[in-house]
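Undergrad: Quick one, what's the 3D model for this:
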Amino acid sequence: MFEAAAAPLSGASAAVFAGLSAARRKRIFHPRGVTFEGTATFHPGTPLPFEGAERALVRMSRAAGFPQGVPDLFGLAVKLPEAGQDLLLVTSGEDAVTRHLLVPATGFFRRPYSTVLPYELRGELIVLGARPDPLLAPLPRQDMDDLGPLVAAGRLRFDLTWGRAGTGDVQTFGTLVVDRSHDGDVAFNPFNSHPSLKPAGGLNRLRRESYERSQKARPDATGAA
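TA: The predicted structure follows:
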């Protein structure tokens, strides 16, 4: 029943975002951002399909681009090319309810990040996330212009987390250290995912076509919606 009702909504949503992307000639979601490179190191023994360490591409962004100190939604997108996985995270919470909500913050390091929507892992629904290094939280300035010096100093670090959807269970499965800048834009899409870790649920079905249509409508065709 849900899929029948969602089908026209999906088409309408995709058409809207395609039109907006073509008109703006850039991302609709989180248009202001900066891209870096880093290394993700995964802990052994977790149920997630990642192991060892691999280079990553990382984009940090703001949804609306309000002035420094004004609450905004902050984004953290991570591309793991070897694993075939893109993670699109946004400032959120970590308890059973708030990990599924978009929660504004006043800086990149004020709140944890979450995929918000669930993934299916071996028949179980989980939510992926990240926690900034707690040593970064007290920094008075936490905008995009402040990220470069932290990267150069080796201080831009995150714990990568996962937990079962609908619970307050949060476990760390790896670390991400951002270590250099990256020239050019990078496309991120939540539906670039490992075969055993797939976006799940009706809202993700609505989301998929909107992302694809929005990306195709952009003139450069290189960045995520």
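Undergrad: Show me where the protein has its helices.
TA: For the chain, applying DSSP state H gives helices covering 2-24, 147-152, 202-217.
Undergrad: In terms of mean pLDDT, which of the ones you listed ranks lowest?
TA: Among the helices of the chain, helix 2-24 carries the lowest mean pLDDT, a mean of 36.
Undergrad: where in the chain is pLDDT low?
TA: For the chain, applying pLDDT under 70 flags the ranges 1-31, 210-225.
Undergrad: So for it, which residue is the most central one in space?
TA: residue 88 (1.8 Å; CA atoms, centre = their mean).
Undergrad: Quick check: bridge partners of that residue?
TA: residue 77 (DSSP bridges).
Undergrad: what's the answer for residue 40, then?
TA: With DSSP bridges as the criterion, residue 40 is bridged to residue 54, residue 176.
Undergrad: got it, and residue 119?
TA: Here residue 119, judged by DSSP bridges, has bridge partners residue 126, residue 199.
Undergrad: contacting residues for it?
TA: Residues in contact with residue 119 (CB atoms under 8 Å, 6 or more residues apart in numbering) are 125, 126, 127, 128, 193, 197, 198, 199, 200. Just so you know, the C-beta spots here come from the backbone N, C-alpha and C atoms, and that holds for glycine as well.
Undergrad: Out of these, which is nearest to residue 166?
TA: residue 125 (7.4 Å; CB to CB).
Undergrad: For that closest one, give its distance to residue 189.
TA: 20 Å (CB to CB, to the nearest Å).
Undergrad: And residue 55, by the same measure?
TA: The gap separating residue 55 from residue 189 is 19 Å, by CB to CB.
Undergrad: higher neighbour count, those two?
TA: Using other CB atoms under 10 Å as the criterion, residue 55 and residue 189 rank with residue 189 on top: 16 against 13.
Undergrad: Return the distance of the more buried one relative to residue 100.
TA: Taking CB to CB as the measure, residue 189 and residue 100 are separated by 21 Å.
Undergrad: so how far is stretch 140-148 from its chain's centroid?
TA: 19 Å (CA atoms, centre = their mean, to the nearest Å).
Undergrad: I would like the residues contacting that stretch, please.
TA: For stretch 140-148, the surrounding residues in contact (CB under 8 Å, 6+ apart) are 32-34, 36, 60-62, 68, 106-110, 136, 139, 156, 181.
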